[in-house]
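Visitor: Let me see the structure of the following:
(2 chains)
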2 protein chains.
Amino acid sequence: MSHIPAYATQAANQPLAPFSVNRGAPGAHDVAIDILFCGICHSDLHQARNEWGNTVYPCVPGHEIVGKVTAVGSGAGKFKVGDTVAVGCMVGSCGHCEACAAGEENYCENGFVGTYNGTLPDGSRTFGGYSTAIVVNEDFVLRVPHKDHLAAVAPLVCAGITTYSPLRHWGAGPGKKVGIVGLGGLGHMGIKLAHAMGAHTVLFTHSPRKADDGKRLGADEVVVSSDPAQMAQHAGSFDFILDTVSAPHDLNAYLVLLKRDSTMCLVGAPPASTPHPPLRVPNLYGKRRALAGSLIGGIRETQEMLDFCAAHGIVSDIETIAMQDINAAYERMLKGDVKYRFVIDMQTLKDAAKAA
Amino acid sequence: MSHIPAYATQAANQPLAPFSVNRGAPGAHDVAIDILFCGICHSDLHQARNEWGNTVYPCVPGHEIVGKVTAVGSGAGKFKVGDTVAVGCMVGSCGHCEACAAGEENYCENGFVGTYNGTLPDGSRTFGGYSTAIVVNEDFVLRVPHKDHLAAVAPLVCAGITTYSPLRHWGAGPGKKVGIVGLGGLGHMGIKLAHAMGAHTVLFTHSPRKADDGKRLGADEVVVSSDPAQMAQHAGSFDFILDTVSAPHDLNAYLVLLKRDSTMCLVGAPPASTPHPPLRVPNLYGKRRALAGSLIGGIRETQEMLDFCAAHGIVSDIETIAMQDINAAYERMLKGDVKYRFVIDMQTLKDAAKAA
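Guide: As a prediction, the model looks like this:
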């Protein structure tokens, strides 16, 4: 493989620009993947711009990868050349802690290896899916059961699993009333998944204009969260609420909508400098409610999610872009101008490299 | 019964003073109780001084009551004259909501009737245990299995059940590492109970001088919470943390000490005007942790707790006072000058009434 085309940032204040990544030959347990599509997660933008303060440059983002297997290592037996596969947020973990033993590598006690901006055991840095190919340990490669719409499959391995895992963990299903807060990249997957799991699914959005879209995606009801009267009608009635909103907002308004012994789970977080408004503790203890958080999902569960989505005909709602339009796409994301996920068609990068 | 001696406040800025309460004859399902002892809960002080803004005056506090049955209603079959009994925070609930049906009257969806400052279905107001007698529906009366130390039993039906219920709910027991934050009226019961349940019990206190007392009460370890190095040694190691501190404090410092999928439960709350510092959401989602709350316990579980305490020889650590010293006791409570609960010996009120 050696040097292959990619897009990278060289500093927090620089745009993404063409770059070349050195991908080694697949090791014994690795799979080499020709990347067809890569979704754009908000994390890509945060990392590219060093908004978490831990970016090592150059940085090649991208952790919603779908592609075809082009080679397998001598000891790798899970995939064969030509398989359609996906790679999500992780490409490694310690493998021996309690979380890894439980198949929850996302909670690895020694820290999982991110698909980009991570460090592998051999000390090498990881570069993500804004590139034409990647080499990944087979234990972190997912099988894609979908036959088509592969571009729209890409976001499932981040936005999909991030919502699927807590919905499963807290028992979303028939007979349960489940709320999804926010209709963005995560929220629109939460709506589709909760609906497919059989839950009575309620979208909370501050934009009344999103109501139709929410229902089209699978919401049984839409509640405009800025309307206290609408909110009050649902007091104490939810079995589970999944909050996908990262911007600071009042969690108390949702906590009071939970039944006794029910949980609200956060999958987004505001910047440390602008936290959510204070919790009112009686909203927790009055009905023994809980506020929890969840972070993506393990490899086993991510495969389960892909299989579930294929069986239910679920993909992400996407807009495909060319690699060359990545910086404009970031600006549009910041304005919420995407329904509901950008996906890079990597053929555009391959074509540009060929022409150069 | 009719008029019996009591202590009441007549306004938020008035001290407690002698008062007379009209207790009706026991109805068909009621039990009349001669009050021997009444513990002093911090809630008594908040309510007496209208710090929650909902006090109706005159206010007779007291919801940690131990006494002897003196009469039973024609339809009441659970108790007989002479039985030693207790009354905690509730004297009624709707009886037909999901929570009541589950035996969790403390979470009654229509609001339980408080032992004081509450309103009974007939519209009458409730007056608490700072009095020589009380009449209560038998369904809200507990059997006291303890043979002696009855004064020290009184706090069990509030401070005891408030800590017992979450410890049981979140599975404190052998093989579990349980933290108790704060060593006051609630915390000292939490230590005793978690230890008796077989958990490895760790006291968190900001006062190094409380370490010896914590160990005497049953803590296996004491962590000085103001020492970051001591705190860091326990990162990610707790199965459950019970936080009994009402004053505003940084919850994040404790959340990071929880294992994956573990819970920290709050049983105190700061005033709305001085909330806890902001949550750092990654402390929740990094290990799928939860922050929850719990409020006293149901009647069935309160009886279970009393039986558990009797079987394990557990009572509260108390200082007995005369009814006439109640205002001084409140001032000492505000300074934290009590180990660990004041209990009023109601004989002092009976004697004063006789002398008058």
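
Visitor: Tell me the residues on chain A that lie near chain B, please.
Guide: Contacts of chain A with chain B, taken as C-beta under 8 Å from any C-beta of the partner chain, map to A:98-99, A:104, A:107, A:109, A:169, A:236, A:260, A:263, A:266-270, A:272, A:275-276, A:278-295. The way it works is simple: take the backbone N, C-alpha and C, and place the C-beta from them, glycine included.

Visitor: Tell me which of those fall in helices.
Guide: If you go by DSSP state H, the residues of chain A next to chain B have A:E98, A:A99, A:H169, A:P282, A:N283, A:L284, A:Y285 in helices.

Visitor: Using ChimeraX, define a selection of the buried residues within the residues you listed.
Guide: Buried residues among these (16 or more other C-beta atoms under 10 Å in any protein chain shown), as a ChimeraX selection:
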select /A:99,169,282,283,284,285
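
Visitor: Quickly check the ones in helices among the residues of chain A next to chain B for the two that are furthest apart.
Guide: The most widely separated members of these are A:E98 and A:P282, with 34.3 Å between them, by C-beta to C-beta.

Visitor: and the ones in helices among the residues of chain A next to chain B as TSV, adding distance to B:A6?
Guide: Output for these, formatted as TSV (distance: C-beta to C-beta, whole Å):
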residue	distance to B:A6
A:E98	56
A:A99	57
A:H169	51
A:P282	29
A:N283	34
A:L284	34
A:Y285	29
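
Visitor: need the ones in helices among the residues of chain A next to chain B in CSV with pLDDT, can you?
Guide: Putting those into CSV (pLDDT from 0 to 100) gives the following:
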residue, pLDDT
A:E98, 95
A:A99, 97
A:H169, 98
A:P282, 96
A:N283, 97
A:L284, 98
A:Y285, 97
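
Visitor: With respect to A:C89, which of the ones in helices among the residues of chain A next to chain B is nearest?
Guide: Closest approach to A:C89 among those (C-beta to C-beta): A:A99, at 14.7 Å.

Visitor: From what I see, the closest one and A:E105 are in contact.
Guide: Yes - counting by C-beta atoms under 8 Å, A:A99 does reach A:E105; the two are 6.8 Å apart.

Visitor: Overlap of the contact sets of these two?
Guide: By C-beta atoms under 8 Å, 6 or more residues apart in numbering or on different chains, A:A99 and A:E105 have these common neighbours: A:S93.

Visitor: coming back round to it: show me just the buried residues among the residues of chain A next to chain B.
Guide: A:99, A:104, A:107, A:109, A:169, A:260, A:263, A:266-270, A:276, A:278-295.

Visitor: Show me what the strand or helix carrying A:M333 is packed up against.
Guide: In this structure, A:M333 sits in helix A:326-334 according to DSSP states H and E. Judged by 3 or more C-beta pairs under 8 Å, 6 or more residues apart in numbering or on different chains; DSSP states H and E, the packing partners of helix A:326-334 are helix A:42-48, strand A:341-345.

Visitor: Partner strands of the shortest one, with direction?
Guide: Within its sheet, and counting by DSSP bridges, strand A:341-345 is paired with strand A:30-39 (antiparallel), strand A:318-322 (parallel).

Visitor: most packed of those?
Guide: Among the strands paired with strand A:341-345, strand A:30-39 has the highest mean neighbour count (mean count of other C-beta atoms under 10 Å in any protein chain shown), at a mean of 25.

Visitor: Now that strand: average pLDDT?
Guide: In this model, strand A:30-39 carries a mean pLDDT of 98.

Visitor: That strand versus helix A:326-334: what angle between them?
Guide: 60 degrees (axes from the mean of the first three to the mean of the last three C-alpha atoms, to 10 degrees).

Visitor: Figure out how far strand A:30-39 is from the centre of its chain.
Guide: Its chain's C-alpha centre and that of strand A:30-39 lie 17 Å apart, by C-alpha atoms, centre = their mean, to the nearest Å.

Visitor: and if you look at stretch A:85-100?
Guide: 15 Å.

Visitor: Ok, stretch A:93-109 next?
Guide: The answer for stretch A:93-109 is 19 Å, by C-alpha atoms, centre = their mean.

Visitor: what sits up against it?
Guide: By C-beta under 8 Å, 6+ apart, stretch A:93-109 touches A:89-90, A:110-113, A:140, A:165, A:295-301, B:236, B:260, B:286-288.

Visitor: what's across from the spatially closest residue to A:E64 that is not a sequence neighbour in the sheet?
Guide: Leaving aside its chain neighbours, A:E64 sits nearest to A:G39 (3.0 Å; criterion: C-beta to C-beta, 6 or more residues apart in numbering or on different chains). Counting by DSSP bridges, A:G39 forms beta bridges with A:V343.

Visitor: Surely A:G39 is in contact with A:A86?
Guide: No - counting by C-beta under 8 Å, A:G39 does not reach A:A86; the two are 10.0 Å apart.

Visitor: Residues that sit against both of these two, list them.
Guide: With C-beta under 8 Å, 6+ apart, A:G39 and A:A86 have common neighbours A:A154.

Visitor: so how many other residues sit close to the spatially closest residue to A:N13 that is not a sequence neighbour?
Guide: In space, and not counting its chain neighbours, A:N13 is closest to A:R49: 7.7 Å by C-beta to C-beta, 6+ apart. Neighbours of A:R49 under the rule other C-beta atoms under 10 Å in any protein chain shown: 16.

Visitor: mean pLDDT for the helices and strands packed on helix A:326-334: which is lowest?
Guide: Looking at the helices and strands packed on helix A:326-334, the bottom one is helix A:42-48 with a mean of 95.

Visitor: So which residues make contact with that one?
Guide: A:9, A:12, A:16, A:51-52, A:55, A:59, A:61-63, A:116-117, A:128, A:130, A:158, A:185, A:246, A:330, A:333-334.

Visitor: Buried residues in it, which are they?
Guide: Quick answer for helix A:42-48 (16+ other C-beta under 10 Å): A:H42, A:S43, A:D44, A:L45, A:Q47, A:A48.

Visitor: and the gap between the residue of the stretch 101-250 of chain A found nearest chain B and B:G286?
Guide: Closest approach of the stretch 101-250 of chain A to chain B (C-beta to the nearest C-beta) occurs at A:Y107, with a separation of 5.0 Å. Remark: distance between A:Y107 and B:G286 (C-beta to C-beta, to the nearest Å) = 8 Å.

Visitor: Now for the two: what residues contact both?
Guide: A:L295.

Visitor: And the residue nearest the centre of chain A, how close does it get to A:I40?
Guide: Central residue of chain A (C-alpha atoms, centre = their mean): A:C158, 2.2 Å from the mean position. Counting by C-beta to C-beta, the gap from A:C158 to A:I40 is 10 Å.

Visitor: ditto for A:H3
Guide: For A:H3 relative to A:I40 (C-beta to C-beta), the value is 24 Å.

Visitor: do the same with A:L186
Guide: In this view, A:L186 and A:I40 are 13 Å apart by C-beta to C-beta.

Visitor: got the end-to-end distance for stretch A:23-35?
Guide: 13 Å (C-alpha to C-alpha, to the nearest Å).

Visitor: ugh, wrong one, I meant stretch A:221-235
Guide: 15 Å.

Visitor: what does stretch A:108-119 give?
Guide: In stretch A:108-119, first residue to last residue: 14 Å (C-alpha to C-alpha).

Visitor: and that stretch, average pLDDT?
Guide: Stretch A:108-119 comes out at a mean pLDDT of 97.

Visitor: all strands of the stretch 51-200 of chain A, in order?
Guide: Using DSSP state E, counting those that start in this stretch, the strands of the stretch 51-200 of chain A run over A:65-72, A:84-87, A:90-92, A:113-114, A:133-137, A:142-143, A:177-181, A:200-205.

Visitor: could I get these as JSON lines with mean neighbour count?
Guide: JSON lines is the format used below for those (neighbours: other C-beta atoms under 10 Å in any protein chain shown):
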{"stretch": "strand A:65-72", "mean neighbour count": "22"}
{"stretch": "strand A:84-87", "mean neighbour count": "24"}
{"stretch": "strand A:90-92", "mean neighbour count": "24"}
{"stretch": "strand A:113-114", "mean neighbour count": "20"}
{"stretch": "strand A:133-137", "mean neighbour count": "22"}
{"stretch": "strand A:142-143", "mean neighbour count": "19"}
{"stretch": "strand A:177-181", "mean neighbour count": "27"}
{"stretch": "strand A:200-205", "mean neighbour count": "25"}
